[in-house]
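>>> generate coordinates for the sequence data below:
(chains A and B)
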Amino acid sequence: AQSVTQLDSQVPVFEEAPVELRCNYSSSVSVYLFWYVQYPNQGLQLLLKYLSGSTLVESINGFEAEFNKSQTSFHLRKPSVHISDTAEYFCAVILGTDKLIFGTGTRLQVFP
Amino acid sequence: DAGITQSPRHKVTETGTPVTLRCHQTENHRYMYWYRQDPGHGLRLIHYSYGVKDTDKGEVSDGYSVSRSKTEDFLLTLESATSSQTSVYFCAIKGDGDTEAFFGQGTRLTVV
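Take a look at the predicted model:
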């Protein structure tokens, strides 16, 4: 069973518009949830994470994600995107003994 | 940047030949992972290691083997490469008790 599902493979958006990238997880998995970002021709880097506590987590570059247990979701949002946000975004979970599993990714394309 | 190096960065090999990819870290992290990245599939876990000589299978382990004889090196071997193993391979490391994983720059493998 898929542990993490990203519903959108591509999201095109104009600069300064809001964006939401969707992520749903299987209710059987632990609730360590992550968003990673991959810029062109690079490895992945952590954007933000939810471990416990406040259900709203933020990154330093304006992204935020909200852990919603009832909807088993961890959607990523930004109120106003920039050209430089163009990248692929991956939702991820940790299973069992630190097995890190990723979703299929969402390619965010920001147009001027 | 986390001290993680993948080698080689690019390789072209023929079907049926053995191939070994190397991941080297200088962080003394306990966990090491090998992923492959393919369009439409995101990152899929091949194998991971939770200590020297301790490894476990991931989502797509068939056709791959790994070894970790010392903390700093995690080797991925394709015993007999096939065209379906053409992909970009990423190594990642994570400390014990940490939740953030750090990624290498990737190895682009082409099997012809």
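
>>> spatially central residue in chain A, please.
Compute the mean C-alpha point of chain A, and by Cα atoms, centre = their mean the closest residue is A:Trp35, 3.8 Å away.

>>> distance of A:Ile101 relative to chain B?
6 Å (Cβ to the nearest Cβ, to the nearest Å). (C-beta placed from N, C-alpha, C; glycine too.)

>>> ok, that residue touching B:Leu45?
Yes - applying Cβ atoms under 8 Å, one finds A:Ile101 in contact with B:Leu45, separated by 6.1 Å.

>>> between the two, which contacts overlap?
B:Glu59 (Cβ atoms under 8 Å, 6 or more residues apart in numbering or on different chains).

>>> what's around the nearest residue to B:Ser80 once chain neighbours are set aside, how many residues?
Using Cβ to Cβ, 6 or more residues apart in numbering or on different chains and skipping residues adjacent in sequence, the residue nearest B:Ser80 is B:Gly16, 5.3 Å away. When counting by other Cβ atoms under 10 Å in any protein chain shown, one arrives at 10 neighbours for B:Gly16.

>>> and B:Gly16, which of the three is it?
coil (DSSP: H, G, I helix; E, B strand; the rest coil).

>>> so how far is the top strand by length along chain A off the chain centroid?
If you go by DSSP state E, chain A has its longest strand at strand A:87-95. Strand A:87-95 has its C-alpha centroid displaced from the chain centroid by 6 Å (Cα atoms, centre = their mean, to the nearest Å).

>>> can you list the strands that that strand pairs with?
strand A:33-38 (antiparallel), strand A:99-102 (antiparallel), strand A:106-111 (antiparallel) (DSSP bridges).

>>> hmm, who's touching it?
Contacts for strand A:87-95 (Cβ under 8 Å, 6+ apart): A:3-4, A:6, A:21, A:23, A:25, A:29-30, A:32-40, A:44, A:47, A:74, A:76, A:100-103, A:105-108, B:42-43, B:99.

>>> any idea of the mean pLDDT in that strand?
Per-region confidence: strand A:87-95 scores 92 on mean pLDDT.
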